[in-house]
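>>> have a look at this prediction, sequence included:
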Number of protein chains: 2
Amino acid sequence: MTEPPRAVFPVRDASAGPADLTLTPAGEPPRLRADAARNRKRLLEVAAELAAERGAANVTMEAVAAAAEVGKGTVFRRFGDRGGLMLSLLDHIEQQIQAAFLSGPPPLGPDAPPLERLRAFGPAVIRHEHAHRDLYMAAHREQSRRYNPSYQVRLTHLTLLLRQVGAPGDVELTGHTLQGYLDTVLVEYLLTSRGMPVERLDAGWHDLVDRLGTPR
Amino acid sequence: MTEPPRAVFPVRDASAGPADLTLTPAGEPPRLRADAARNRKRLLEVAAELAAERGAANVTMEAVAAAAEVGKGTVFRRFGDRGGLMLSLLDHIEQQIQAAFLSGPPPLGPDAPPLERLRAFGPAVIRHEHAHRDLYMAAHREQSRRYNPSYQVRLTHLTLLLRQVGAPGDVELTGHTLQGYLDTVLVEYLLTSRGMPVERLDAGWHDLVDRLGTPR
DNA sequence: CAGCTAAACGGACTGCGGTCCACTTTCATT
DNA sequence: AATGAAAGTGGACCGCAGTCCGTTTAGCTG
């Protein structure tokens, strides 16, 4: 419960009515002391290594501490809990897709018309999450902080696009609905347990966007 | 990992294409030995008591075992893990709402036209989940088994109704989308953390159903 | 009713997440 | 350079989920 705000894009909220999201305290991280910063970096590196070699689900806090040659308390002080560590690991990966839809090339990025961006969003996220499912699932398991900064960024983005395409109704709720469709656990369940081809999920997304996004 | 199938309504699946859901092994519970059955019952009673008095989140497996005067191993043998116990506790509660929409009075039950049932479903579930949020949240925390029998029952019901109202597109995926909107954690977040009035969620549901359910 | 086997039982044991607190280090101030 | 306080550190410690295995018991079979 001590972890400084995650390195999520600042996102000055250009939309979202009552959504002043207290979750991202907005100020930049309260600078760490030199030794702390060094340790934080080492911990993340080591944790990423361990996750790569034995799967994120099998990374224990103790192992991370040991491999980084610090005390266990240090890991907890820095990341709060296991969920915090996983979220921090995810940050890096999450930034890739954030960059893609906030400032990348069309059809995802800002140079495409809103409807196209909206349609492209789903397939991109689905593939991204699937590619990094190990970490996403592990982070999910520690449900502390669902509705974390990443979620908020995606939500803000979706509601913005929805407004731009003239979506009717309660745009914020529609955003949550769309996010629900992209939920990692659901996607993984459909792809893996139910064996759906990813194209079917894509089609489902396009349908959803068409129905929820168009002015009717 | 030993828990016998939950006491969910058999639900001879009248719809659901590739949904032969292996999750509910369909056969009735492989009868327990007399002592085991007795203990199972005691354990559930005791667990419900403890949950009522100290909150489901604070019920430990050991405490349940102790209060029921059995060994810890017995609790685990019976319910597999904490998630299994919580799910079993929820069963009882879940059956109430299942009964309501499978065989209760209109507008939820079978004597109302499908579109009305569909529209009534959301508000009913939202209120139900909210009323029992303690258990739903606790059960959720043990994410082992999301997409459990209860989920499947709701899904089957929703897809059936969707077909009856002539919903276009991929009805199974639409069912998952609707379920996503009713996800306990999301609902709780919106109601509690975001302070939305429940009527707003109701309205969102009606909108969603209208948009996804009507033939366009 | 005796005998047998699969099921159930109990509780010691392990491993991990998370807390606590006495001690050390950084770094701003003067 | 000295110094004081805030920040950081490490590791013993705690509680709980989940496992393991030697013992007990239900309940069939003859």
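Perfect, I can see it now. Quick caveat, the model's predicted, so the values are computed rather than measured. Residues are numbered from 1 along each chain as shown, chains lettered A, B, ... in the order given.
>>> in whichever helix or strand residue A:163 is part of, what's buried?
Secondary-structure assignment from DSSP states H and E places residue A:163 in helix A:149-164. Of all the residues in helix A:149-164, those buried under the rule 16 or more other Cβ atoms under 10 Å in any protein chain shown are A:149-162. In this view, the C-beta of every residue, glycine as well, is placed from N, C-alpha and C.
>>> tell me how far the one helix or strand residue A:39 maps to lies from the chain's centre.
If you go by DSSP H and E, residue A:39 is part of helix A:34-54. The chain centroid and the centroid of helix A:34-54 are separated by 20 Å under Cα atoms, centre = their mean, to the nearest Å.
>>> then it to PDB, C-alphas only?
This file holds the C-alpha atoms of helix A:34-54, laid out as PDB (Å, rounded to 0.1, in the frame of the first residue of the first chain):
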ATOM      1  CA  ALA A  34      18.800   6.900  -4.600                       C
ATOM      2  CA  ASP A  35      19.200   3.500  -3.000                       C
ATOM      3  CA  ALA A  36      15.500   2.900  -3.200                       C
ATOM      4  CA  ALA A  37      15.300   3.700  -6.900                       C
ATOM      5  CA  ARG A  38      18.300   1.400  -7.500                       C
ATOM      6  CA  ASN A  39      16.600  -1.400  -5.700                       C
ATOM      7  CA  ARG A  40      13.300  -0.900  -7.400                       C
ATOM      8  CA  LYS A  41      14.900  -1.200 -10.800                       C
ATOM      9  CA  ARG A  42      16.800  -4.400  -9.800                       C
ATOM     10  CA  LEU A  43      13.700  -5.900  -8.400                       C
ATOM     11  CA  LEU A  44      11.800  -5.300 -11.500                       C
ATOM     12  CA  GLU A  45      14.500  -6.700 -13.700                       C
ATOM     13  CA  VAL A  46      14.900  -9.800 -11.500                       C
ATOM     14  CA  ALA A  47      11.200 -10.300 -11.300                       C
ATOM     15  CA  ALA A  48      10.900 -10.100 -15.100                       C
ATOM     16  CA  GLU A  49      13.600 -12.700 -15.500                       C
ATOM     17  CA  LEU A  50      12.000 -15.000 -13.000                       C
ATOM     18  CA  ALA A  51       8.600 -14.600 -14.600                       C
ATOM     19  CA  ALA A  52      10.100 -15.400 -18.000                       C
ATOM     20  CA  GLU A  53      11.800 -18.600 -16.900                       C
ATOM     21  CA  ARG A  54       9.300 -20.100 -14.600                       C
END
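>>> check whether that helix contacts DNA strand D.
Yes - applying Cβ under 7 Å from any atom of the strand, one finds helix A:34-54 in contact with DNA strand D at A:35-36, A:38-39.
>>> the buried residues of helix A:149-164 into CSV, with extra columns for distance to chain B and pLDDT?
Output for the buried residues of helix A:149-164, formatted as CSV (distance: Cβ to the nearest Cβ, whole Å; pLDDT from 0 to 100):
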residue, distance to chain B, pLDDT
A:149, 14, 91
A:150, 15, 94
A:151, 10, 95
A:152, 11, 96
A:153, 16, 96
A:154, 14, 97
A:155, 11, 97
A:156, 14, 97
A:157, 18, 98
A:158, 14, 98
A:159, 13, 98
A:160, 18, 98
A:161, 17, 98
A:162, 13, 98
